[in-house]
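Q: Here's my sequence, what's the structure:
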Amino acid sequence: MSKIVWQFADQAVSEEYVKKTGSELGYELPEDYIECVALNNGANVEPDLFHVGTIEKVFGTLLSYDQDNDEYIVDVFNSYKAALPNGLVPFAFDLAGNLLCFDYKNHERNPVIVFWEHENAWEKEMVMKDEGLTEEQAEERVRENVFYVAATFTEFLDKLHD
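A: The predicted structure is shown next:
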């Protein structure tokens, strides 16, 4: 793993609390993420650069497990749920307000890490209504804003660079 330093974390939370919150969202979160976020709740990291394809992006912060925080993971999930493709669970923001997510589609036990770009993102219901698409077609359309980043959370951390 590259040498990374977590900064400005919220108060640490228990791994059990993270697991319980994941269950609330309807998903079993990856163990490597649980161990990291329990200690680095809501933190940012150095180095903070990563690539989505050939485009360089900047990591913002891990979502928080503090219910009073504006970036509380449950609130963020619920706020974006209508626009996120099925199976995506956000765990961090980049600096431009896009989301890093776990993608459980076709990876129920070991979700991959994806980047969800909020620019030009549509809520599925709107796409279905405005364009006359079926639910399945709308799901395909909203997945056009999803880009693969890494096979695991640990691999994602290993890809962070200056």
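Q: Span of stretch 127-146 from start to end?
A: 16 Å (CA to CA, to the nearest Å).
Q: Buried residues of it, list them for me.
A: Buried residues in stretch 127-146, counting neighbours by 16 or more other CB atoms under 10 Å, are found at 127-128, 138-139, 141-143, 145-146. Backbone N, C-alpha and C define where each C-beta goes, glycine included.
Q: Return the item of those residues having minimum pLDDT.
A: pLDDT across the buried residues of stretch 127-146 is lowest for residue 127, at 75.
Q: Could you give the backbone dihedrals for it?
A: Here is the backbone geometry of residue 127 (degrees, to the nearest 10): phi -60, psi -40.
Q: before we move on, what about residue 155?
A: phi -60, psi -40.
Q: List the contacts of residue 118.
A: If you count contacts by CB atoms under 8 Å, 6 or more residues apart in numbering, residue 118 has them with 83, 97-99, 145.
Q: Then residue 124?
A: With CB under 8 Å, 6+ apart, residue 124 has these contacts: 82-83, 135, 138-139, 142.
Q: could I get these as JSON lines with distance to residue 50 and secondary structure?
A: Output for the contacts of residue 124, formatted as JSON lines (distance: CB to CB, whole Å; DSSP: H, G, I helix; E, B strand; the rest coil):
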{"residue": "82", "distance to residue 50": "27", "secondary structure": "coil"}
{"residue": "83", "distance to residue 50": "22", "secondary structure": "coil"}
{"residue": "135", "distance to residue 50": "32", "secondary structure": "helix"}
{"residue": "138", "distance to residue 50": "29", "secondary structure": "helix"}
{"residue": "139", "distance to residue 50": "26", "secondary structure": "helix"}
{"residue": "142", "distance to residue 50": "23", "secondary structure": "helix"}
